[in-house]
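> task: produce atomic coordinates for the following.
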Amino acid sequence: MRKLVLPAIVAIGLGSAAPAMAYDTGDQISMQAALDVATDIGVMTVSHTQFLGDEWQIQGRDRAGRWMEVYVDANTGEVRNVNRGW
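Presented below is the predicted three-dimensional model:
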């Protein structure tokens, strides 16, 4: 009986695990391309990058050390919005 308990627990655990899903961005720009756009407008040090479905959100600091947040359109690579300083 003990020989069957551990494999059953492992099987249940594996069956309940959520499968890993790859997100296909299709024709959208890469994170590196979005970082290049943010760098071009002044972000010198990146502290956070997040993909929000149709845009990249990039947070960091400019040359003077002030906080910046840049939103880059994931389809066109255009800057949607820039927030500076707090």
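
> all strands for this protein, in order.
Here the chain has its strands, by DSSP state E, at 45-51, 55-61, 67-73, 79-84.

> need these in a markdown table (columns: mean pLDDT, mean neighbour count and distance to residue 33).
The C-beta positions use only the backbone N, C-alpha and C, and glycine is treated the same way. A markdown table is the format used below for those (pLDDT from 0 to 100; neighbours: other CB atoms under 10 Å; distance: least, CB to CB, whole Å):
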| stretch | mean pLDDT | mean neighbour count | distance to residue 33 |
| --- | --- | --- | --- |
| strand 45-51 | 97 | 13 | 12 |
| strand 55-61 | 97 | 20 | 9 |
| strand 67-73 | 97 | 20 | 8 |
| strand 79-84 | 96 | 13 | 12 |
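
> TSV for the ones you listed, including distance to residue 36?
Shown next, in TSV, are the strands of the chain (distance: least, CB to CB, whole Å):
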stretch	distance to residue 36
strand 45-51	11
strand 55-61	10
strand 67-73	9
strand 79-84	12
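
> roughly how far does residue 45 sit from residue 54?
25 Å (CB to CB, to the nearest Å).

> isn't residue 78 right next to residue 72, touching?
Yes - assessed by CB atoms under 8 Å, residue 78 is found in contact with residue 72 at 7.2 Å.

> for residue 65, grab the count of nearby residues.
By other CB atoms under 10 Å, the residues close to residue 65 number 8.

> report pLDDT for it.
pLDDT for residue 65: 95.

> check contacts around it.
By CB atoms under 8 Å, 6 or more residues apart in numbering, the contact set of residue 65 is empty.
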